[in-house]
Each structure stands twice: as C-alpha cells, then as structure tokens.
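Chemist: coordinates for the following, if possible.
(2 chains)
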Amino acid sequence: MRVTGKSLQRSFIRGLNYNANRLSASQTRINTGQRFTKVSDNVSDATQALQVRTLLQRNETFLNNASEVQARLTTQENQLMHINSYAQEAQTLMVSGFSQTNSETDRNIIATQIIALRDAVIQSINAKTANHYTFASAVNEPPVQFQDGVVLVHGQDVNNISSDLNQSSFKVSMGPMLDIQQSALDVLGFGVDASGSANNLILVLDQAAQAIRQDDQSVRSALITKMEKAQTSLLVRISDVGMKMRFMDSNIERLNSENLALVTQQNKLEAVDVAEEIVQNKTHEMAWQISLQMGAKILPMSLFDFMR
Amino acid sequence: MVRPTFLGFETARRGLSASQKGLDITGQNMSNVSTPGYTRQRLDLVSLSTAPQDRFRSVSATNAGEGVQVAGVNQIRDRFLDTRLRNETANEAYFEASIDILHSLEGVLNEIDQGFKPLLSDVITSLHGFALSPDQTTQANMVRTALHSLAGVMNHTSTQLDQLSQQFSNRLEVDVNEFNLQLKSIANFNQAIVSQGLQSSEGMSTSSMNELLDQRNLALDKISRFLNVQARFEDNGTVSLSVNDHTILSDEFVDSINLVTSPHQGLSLTWQSSGQAVQAQAGTLIGTLEYINGDMPQSAGIAYYQRQLDTLSRSLAAVFNQAFTNTDGSYKTLLSFENDNAARSLSVSEAFSANPRYLVQSGGALANQHIQQLISRLEGTGDVEGFDGSFYDFIQQYSVNLAQDITFTQTRHSVSSSIVFDLEQRRDSISGVSLDEEGAEMMKHIKSFNAIARLMTTMDEALDIIINRLGTVGR
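Modeler: Sure thing, here's the model as predicted:
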C-alpha cells in the first residue's frame, strides 16, 4: 500500500486527537474529583449513583424527622410522667381525704390540694413543644378546656364522647412509619361508665375533691377504683412512649449506619481514586507528548530532505 | 529500406519533450499535495511506431526507434472506493449530527450536576417538615419555595429544549441550502465536463478536464455528508444522482430540497419536484431532522424529551392539586400550568404564591395524613401519566435512556468513523500524492532528459561524421 504524506498526516492527527481526548477526560476527572460528569460517561455507575443519591437524601430527611420526633416523644414522656405523679399524689390524698377521722378543715385542705393537682394535670395535658401542642389531635390547639365542671376536648364534652374521635394517627416516616399520636382523650380517658359517672381523670379528680369536701363516702370506692384505672392507663401510655423511643433509637442507629454505607457506596461509585487517576493522567500525557514528538519528526520528512 | 536522416533527432526531441512534460506533471502533483480533492496525475507515455506491425515483431525496421509519444494525462482513482467512502461518510455524518443533538440534550437534562431528582427530593423533604407541623406558615413556605424552584427549573429546562430545537432547525436550514448549492454546482460541473469533452473530440485543449473531475468529486464527497446519495457515471462524462431511487440530478434536471415547518408534525424535508418527503437513511439532514422531531422512545429526540417534561409537570400538578381541600370540599390548586406546554408554564398557583398560609392546615392528625398521602404518592408508583413507576423512576428512566442512546450512537459513530478513516487512507494510497514518489519521478525524468540530451549530441556527432568527414580521403 502506498503511504502518502496526507495519509501520514491523517493518521497522526487521529492518534493525536485520541490521546488528547483521553488526557482531557482524565484532566476533567481530576479537576472535578468525579469519575463521571454526565450519565453517558458511565451509564451503569451513574444510574446506581443517582439511586444512591436519592436514598441518601431520603435518609437525611428521615434523620431530621427522627430528631424532631425524639423531641416530641421526650416531651410526651415528661408530661405523662408528670400527670402520673399528679395522679399518684391525688390518689394518696383521696385515700386520706375519705378517712372518717378528718375534720372539715382537713377535708377542705385535701380537696383544695386535689383541685390544684387537677389544674396541674390540665396544664400538663395542654403542654406545648415549640409550636406544637403535645396532646392535640384533630387541630393544633390546647386540647382540653375545663369550664364549670365540664371538660371539653377540642370543644366536645368529654362525657358525651363514646369512642376516641381521633382514631387517626400522626405519622412520621423514618423508613417505617411511626405513629406519634397521643391524644388527650387517650391519656385522660373519656365517656361515662355503666353507672353514668365520668371516666375522665380531670373529672374524677374534680368529683373526688367535691366528695371529700362534702364528706360523701358513697362514691369513695368508685372514685378510688377509677383513679387506679387511670393510673394503669397512664402507665400503659408511658410504656408505649418508652417503646416508641426505643424504636426511635434503633431507627436512628439504623439510619446512621445506612447513611455510612450509602456514603461509602457513593464514594466508590462517584469519587475518583486520585492516585490511580494521576498515574493514568501521566500515562495519557506521555502518550500525547510522544505523539507530538513523533509527528514533529516524521511529518516533514520526505525524499527531498535527503536529496543533494 | 532507407532510414530518414533526421529520424534520431526527432526521436530525441520527443524524448526531451516527454521528460519535460513528466517534470511538469510531477511539479503539478507536488504543488497540489495539500489541495483538497486533488487526484494525483500520471503522464501516459507510449512507444511511437508509425509502421505496420505483426503480432511479435516489426516487419520493417525503417520506422523503428521513433521514440515516445505523450498519450495523455490521467488521474489515478478507484470509483468503487469512492462510492463506498461516500456511503460510509453519510452514515458517519448521520451519527455525528445525532450525537451533537444528544450531547446538547444531555447538557440540558444532566441529572449528575443538577436535574429534577434533587429538586423533587427537596420538595419531599419540605413536605416531611410540613407533615410534622401542618399549621405552621414557615413550613408551608418551605414547601412553596421548593415548588417554586422545581417549577422554575422546569420552565427553564423546557425553554432550553425549545431553544435547542430552534438552533438545530436553523442549522438544518443552512445544511439544506448547502445541499441545494452543492447539487447545483455538480450540475454545473457536469455541463463543463461535457463541454470539455466536446472540445477534446474537436482536438481542442483538455488541460482542465482533470481539475474539473477533481472539483466534481470534491462536491460529491461534500454532498454525501448531507444525504446518502447514489451516483451513476454516464458515458458522456456526466454523473446522475439519486436518493432512495428518487432522481435528483440527471442531464438538465436538478431537484432541490425544501424545509417545511408545520405546527403539528414539526419539520419535514420535501423534494421541490414532487413535494414528496425525502426518504433517506443517512446524512446530516436525516440525523438532524430525526433528532429534532423524534417523539418516540425508539427515536427519542428533542420533541420526546420535551414531552417527558410536559408529562412530568402535568403529573406533578395532578398529584399536588388533589392533596388538600378547601372548606367547601373542592381541591386546593397548588400548581398551575397550560395544557399546550405544561413544562414551560408550570408555576405555583396564584393563591399559594400570594400567601403560603393558603396551604396551612388545621395542624392535626388529619392534615398529617393528607401530607403523608401526598408524600406516598410522590414516592410511590402509578401517578405519572402512562408510566408504571414513581416520579424518581420516571426522571431516571428518561435520563438513562438518553445516556444509553448517546453511548450506543457513539459506538456506532466510532465504528463508522473507523471505516471512513480506513477508506480515506485506502483512497489516499491510490489517489494521493506521495512526495517520496514524486521525488523519485522527478529524478527519473531529469535522468531521462539528461540521457536524451546526450543522445541528441551523439546523433549530432554521427551526422557530423556523415556530412563532414565521410569521403575526405585523398582530398
């Protein structure tokens, strides 16, 4: 095959372009620190990397959710512990208040103390974390109002409520969804029992105070039983929050380790191995320089360079 | 059997003339070593004999030794190689045009540096925050801001795709004009070649014939980049051209291409003569047209990706606009768009844009549920029009399709490019000028010239003997 100057030149330029392209691509990888800057650079790795990025962002959102939920659960637990201690104290006061050895003054003092505990319970149930009412359900407002011996939960007389209106839950996603709903109705009770007396803790405390003040022994055992039930229910609620907090902790741990795994995977997929890339870059640079040198030596040569 | 006295001088004169012409042609080749389209030329020399000859020997020695005759100057060219090269050039040009558009598309839709997935993730993150405090204006504002960004980038991307379409349409128009011009210039070369042929048969100069052929070949090379044109060389020296059996150049007939824009079908190329659509498989015109108009997954061009953005915008708006209700039970409009160009017109609704409190919910579990349902719909499957997957999957699918299309087209371009390179090298090995070879030719002609000049001297000496020295004995 005849080899002409033009074919040598074409061949040289093709080789030079090839080497310059490889050098330029390597330069871009070093400059950006990324193995690819477009999906088409490496379709399979880039596709995986995009998925990993989405998972990472989801994980970070879940972790943000988790820290917010942790704060809310902590407040719930604190307030439930407070309400439980108020209930315990009130029960002790009720036992001593219903004792027949008490004078009227003693009964009035005990009744007043129980009323104070009732108000403390109302305060706790209407507690707020940042802008969120801890035990609000349908709307974010103080869930409980106590007026003229009637407890209103979100505007409804608690005695007229036969079932929890707020079966709906307040869910937060951390991968699995966690229901952090804890309504005032769940915590304090609602409706009336078979004998028509209120189940709600505030009303029980109110009735107890009145009964002690009036020395009405007929309701003694019913009220003490209700208090015991209320405390049991509170303990169930507290343990429920405790379980959720444990669930939260394990989830945060899981999310953190997933995050670590995802970041590692992302680095593996996207980040340039600098040492390896520099070695390759030098190889490409050398090939490019050799092409240039060879071109400079070969291209001008012809028979005329040797003619006398 | 008498030898003419001055036969030797005539022989030497022809030899000198042939050597000088040889040097001229070598000079012509060397001068045009870098001229695009130039085909190396060779002097056709034949041994001159005016005497009748039998099969194996001259029957008469009287006219033997009459020297050399310059029979002509020929080009060295392989027509089959030309045809193969032009066909493959059309393929290479098709892939080049396709890659150019696909790369531009990837620049606009690149999900690695920016893109819609991170923006959608921002929207979902803002919704998670909103789900925790649905009654908070600040959280509603976060959602509004995230939606503003998403809609803004969607508008910008869609506008960029429109601009891309416009830019490549302009280029297509330029290419169509260039194709028509090249076709006309080939027709002009045809006429000039026929005219030169007639002059030659009438014994006039044909010195520029080879140059005309070179220029026509160059024009054929150029036109084959636009479309895969089939050339047929006629006996009268002209070339007829056709595209997919449609004759575009023959004798006096020259067709041309019109670029037609219709509002529904986009761009199309039609023949001026018949009004029929141009049917071809390769060339920049076809590559550019297909990737501007391409609206199907198997031929995904700018129009296809514009449609994907429209689908994404409409589907997002549908999900957001069915998430929250007004007090009268009607849905709140959070995102608005125009049906004709959803992506370009997608925006946060006026009501929501005016006041983030438009989105604020009562703050309880019910609002939380609505927001969680919205998040589930955004992350789940089945809410993107005509697509069985999530919004993320949809975005990923079209980006990956685009990248795969680029990789596939690059591979095919690379193969085609290698074939073109190989064919160009082979054509060059036949038709190209080699300075080494021309140097050797130059030395050959100068040696031959020197030798014949010496022959002339020898003949002169011989004649001198005959004229001046014969019969001088006893004088």
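
Chemist: which parts of the stretch 201-350 of chain B are helices?
Modeler: For the stretch 201-350 of chain B, applying DSSP state H, counting those that start in this stretch gives helices covering B:209-226, B:284-293, B:302-320, B:342-345, B:350-354.

Chemist: can you tell me which of these is most buried?
Modeler: helix B:284-293 (a mean of 24; mean count of other C-beta atoms under 10 Å in any protein chain shown). For the C-beta atoms, the positions are set from N, CA and C on the backbone; glycine is no exception.

Chemist: which neighbouring elements make contact with it?
Modeler: Packed against helix B:284-293 by the contact rule (3 or more C-beta pairs under 8 Å, 6 or more residues apart in numbering or on different chains; DSSP states H and E) you find helix B:79-109, helix B:137-201, helix B:209-226, strand B:266-271, helix B:302-320.

Chemist: touching chain B at all, stretch A:25-39?
Modeler: Yes: applying C-beta under 8 Å from any C-beta of the partner chain, one finds stretch A:25-39 in contact with chain B at A:34, A:36-39.

Chemist: give me the residue from the stretch 1-150 of chain A nearest chain B.
Modeler: A:N140 (2.9 Å; C-beta to the nearest C-beta).

Chemist: and that residue, how far from A:Q156?
Modeler: The gap separating A:N140 from A:Q156 is 17 Å, by C-beta to C-beta, to the nearest Å.

Chemist: these two: who's more crowded?
Modeler: Taking other C-beta atoms under 10 Å in any protein chain shown, A:N140 and A:Q156 do not tie; A:N140 has more neighbours (21 against 14).

Chemist: that one and B:D135 touch, don't they?
Modeler: Yes: the pair A:N140 and B:D135 passes the contact test of C-beta atoms under 8 Å, sitting 4.4 Å apart.

Chemist: contacts only, for B:E437.
Modeler: Taking C-beta atoms under 8 Å, 6 or more residues apart in numbering or on different chains, we find B:E437 in contact with A:R2.

Chemist: what about the strands in the stretch 1-150 of chain A?
Modeler: If you assign secondary structure with DSSP state E, counting those that start in this stretch, the strands in the stretch 1-150 of chain A sit at A:128-129, A:132-133, A:144-147, A:150-153.

Chemist: so for A:N200, which of these sits nearest?
Modeler: Of all those, strand A:150-153 sits nearest to A:N200, with 5.3 Å by C-beta to C-beta.

Chemist: what lines up beside that closest one in the sheet?
Modeler: Its sheet considered, strand A:150-153 pairs with strand A:144-147 (antiparallel), strand A:156-157 (antiparallel) by DSSP bridges.

Chemist: that one: which residues count as buried?
Modeler: A:151, A:153 (16 or more other C-beta atoms under 10 Å in any protein chain shown).

Chemist: same check on stretch B:134-149?
Modeler: For stretch B:134-149, using 16+ other C-beta under 10 Å, the buried residues are B:134-136, B:139-144, B:146-147, B:149.

Chemist: would JSON lines of the helices of the stretch 201-350 of chain B with mean pLDDT be doable?
Modeler: Shown next, in JSON lines, are those (pLDDT from 0 to 100):
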{"stretch": "helix B:209-226", "mean pLDDT": "94"}
{"stretch": "helix B:284-293", "mean pLDDT": "95"}
{"stretch": "helix B:302-320", "mean pLDDT": "95"}
{"stretch": "helix B:342-345", "mean pLDDT": "96"}
{"stretch": "helix B:350-354", "mean pLDDT": "92"}
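
Chemist: mind putting the ones you listed into TSV with distance to B:I446?
Modeler: What follows is those, written out as TSV (distance: least, C-beta to C-beta, whole Å):
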stretch	distance to B:I446
helix B:209-226	24
helix B:284-293	47
helix B:302-320	62
helix B:342-345	74
helix B:350-354	88
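
Chemist: and B:T83, which of the ones you listed is closest to it?
Modeler: Between the helices of the stretch 201-350 of chain B, helix B:209-226 lies closest to B:T83; by C-beta to C-beta that is 9.4 Å.

Chemist: and that closest one, C-alpha only, in CSV?
Modeler: Once non-C-alpha atoms are left out, helix B:209-226 reads as follows in CSV (Å, rounded to 0.1, in the frame of the first residue of the first chain):
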residue,chain,number,x,y,z
MET,B,209,-10.6,18.3,-17.6
ASN,B,210,-8.8,16.5,-14.7
GLU,B,211,-9.3,19.6,-12.5
LEU,B,212,-13.0,19.7,-13.3
LEU,B,213,-13.3,16.0,-12.3
ASP,B,214,-11.5,16.7,-9.1
GLN,B,215,-13.8,19.5,-8.2
ARG,B,216,-16.9,17.4,-9.1
ASN,B,217,-15.5,14.6,-6.9
LEU,B,218,-15.0,17.0,-4.1
ALA,B,219,-18.6,18.3,-4.5
LEU,B,220,-19.8,14.6,-4.5
ASP,B,221,-17.8,14.0,-1.3
LYS,B,222,-19.4,17.0,0.3
ILE,B,223,-22.9,16.3,-0.8
SER,B,224,-22.6,12.7,0.6
ARG,B,225,-22.3,14.2,4.1
PHE,B,226,-25.8,15.6,3.8
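
Chemist: what's in contact with that helix?
Modeler: Residues outside helix B:209-226 that contact it (C-beta under 8 Å, 6+ apart) are B:36-39, B:41, B:73-75, B:77, B:82, B:85-87, B:89-90, B:93, B:175, B:178-179, B:182-183, B:185-186, B:189-190, B:192-193, B:196-197, B:200, B:229, B:231, B:239, B:241, B:283-285.

Chemist: let's see that with 6 Å instead.
Modeler: Helix B:209-226 is contacted from outside by B:37-39, B:41, B:75, B:86, B:89-90, B:93, B:179, B:182, B:185-186, B:189, B:192-193, B:196, B:229, B:283-285, using C-beta atoms under 6 Å, 6 or more residues apart in numbering or on different chains.

Chemist: which positions in stretch B:66-83 come out as buried?
Modeler: B:66-68, B:70, B:73, B:75, B:77, B:81-83.
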